[in-house]
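Novice: Okay, here's the prediction I keep looking at, along with the sequence it came from:
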Amino acid sequence: MKTLLMLMLLAPSSDGAALEQRVMALSQQLRCLVCQNQTIADSQADLAADLRQQIREQMKAGRTDAEITTFMTDRYGDYVLYRPPVKPRTYVLWFGPFTLLAAGLAGLFRCLSAAACHSGPRNFAGRPSNVVRSSRHRPERS
């Protein structure tokens, strides 16, 4: 009888498994503020564990995923979202890398074209050719 009672207490209930699955699904959408490159579901940081516990408690209280996400963004900002929304406050996150890439390519193109224009004519070996020849190679005029 005691072993049956112990097994019932230790065995996860279907409600508990569903709740845990829901916690992990929402945790995949939130960024760990300590690790910054991991979701709170993947992170082993203490803060991530606390946030997962907070999500679990809010889900037990009957809050929806949207309400919990709103609570987290109100508390930690849009940065806590693993995929932040596109809005003026997050333009740097979304368009900053592309702007830097375009500026770098434009600078590289400008540098290469300036070097090609100022280097002068080249021979087949890629060395500067001697445009001005000495007077002994010039044919004499009569």
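Specialist: Structure's in. What do you need?
Novice: which residues does the nearest residue to residue 79 once chain neighbours are set aside bridge with?
Specialist: Excluding the flanking residues, the one nearest residue 79 by C-beta to C-beta, 6 or more residues apart in numbering is residue 31, at 6.7 Å. Where C-beta positions appear, they are placed from N, C-alpha and C, glycine not excepted. In this entry, residue 31 is beta-bridged to residue 39, by DSSP bridges.
Novice: backbone phi and psi for residue 47, please?
Specialist: phi -60, psi -40 (degrees, to the nearest 10).
Novice: Let me see the contact set for the residue lying closest to it once chain neighbours are set aside.
Specialist: Using C-beta to C-beta, 6+ apart and skipping residues adjacent in sequence, the residue nearest residue 47 is residue 34, 5.0 Å away. Residues in contact with residue 34, defined by C-beta atoms under 8 Å, 6 or more residues apart in numbering, are 43, 45-48.
Novice: again, only this time at 7 Å
Specialist: By C-beta atoms under 7 Å, 6 or more residues apart in numbering, the contact set of residue 34 is 43, 45, 47-48.
Novice: so which strand or helix has residue 110?
Specialist: Assigned by DSSP states H and E, residue 110 belongs to helix 91-118.
Novice: All set now, cheers.
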